[in-house]
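Q: Got a predicted structure plus its sequence, pasted below:
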Amino acid sequence: MTAEPVKPTRMELIRKREQIRLAEQGRDLLREKMDALVREFFRVMNEVSTSREELERSARLADRALLIAQAVDDPVALRSASFATKRRVVLDIESRSIMGVPIPVIEKKSLSLSVLERGYSIIGTSGRVDEVAEKFEAELDLIIGLAETETTLRRIGHEILMTRRRVNALEQVMIPELYRQTRYIKITIEEREREDLFRLKKVKRMLDRRKRRSGPSPSAAAIPPA
């Protein structure tokens, strides 16, 4: 693909200078956007780090409670309770925007249930089973929250990369090319003006030489005496 030839005219020079102004303004706006996204990225990254640590602690507590229940309670009753509590997790997901980046927002609904809501018989199970259910429900809450923040982090990170590419394209390709074209047009116009001035001077010298060679006009000749 070949570049469109540049017309070395004053109107084109004005147009290129306006394009440079707009490109530099766009570059500055993209830099501001990228700086804001980077600040948001590190803020969310701290949230993700904290959430992961909290999730690891919750997972250890849930696994520990399950191991205790498996060691002490009747395996059949424990398995029956686990089957009885199977259910779908329904989430309401909306969206918000951070500097033009769509971010998912999961409605914060706790998945923790009461003993009667879990579906298994409270007579055939011990309090250890209730503790296992409670610990894993808390872990699931943290997993959902972490999924939201990690998705936010990935989308902001992707937008930072895309914005940096746009800034680099403007800064390293488009703006230098516009300056190069502007210099070319300016130099061409100046050379054309010098050539025009040289031709005018040459024509003037030729006219002056012709005028000197032709001598005085007949109307200027002396009138004989009467």
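A: Done, it's in.

Q: Quick check: next helix or strand after the helix or strand of the chain with the lowest mean pLDDT?
A: Sorting the helices and strands of the chain by mean pLDDT, DSSP states H and E puts helix 75-84 at the bottom, at a mean of 72. As assigned by DSSP states H and E, the chain's next helix or strand after helix 75-84 is strand 93-98.

Q: Tell me which other helices or strands that following strand touches.
A: On a contact count with 3 or more C-beta pairs under 8 Å, 6 or more residues apart in numbering; DSSP states H and E, strand 93-98 meets strand 101-106. Just so you know, the C-beta spots here come from the backbone N, C-alpha and C atoms, and that holds for glycine as well.

Q: What mean pLDDT does the strand it packs on get?
A: Mean per-residue pLDDT for strand 101-106: 85.

Q: Can you point out the buried residues in it?
A: 101, 103 (16 or more other C-beta atoms under 10 Å).

Q: Would you mind checking the average pLDDT for whichever helix or strand comes after that strand?
A: Using DSSP H and E, the next helix or strand after strand 101-106 towards the C-terminus is helix 127-169. Averaged over helix 127-169, pLDDT sits at 89.

Q: and the helix or strand following helix 127-169, which residues are buried?
A: Note on helix 127-169: by DSSP H and E, the next helix or strand toward the C-terminus is helix 175-214. Residues of helix 175-214 classed as buried by neighbour count (16+ other C-beta under 10 Å): 175, 178, 181-182, 185, 188.

Q: roughly how far out does the least confident helix or strand of the chain sit from the chain middle?
A: 50 Å (C-alpha atoms, centre = their mean, to the nearest Å).
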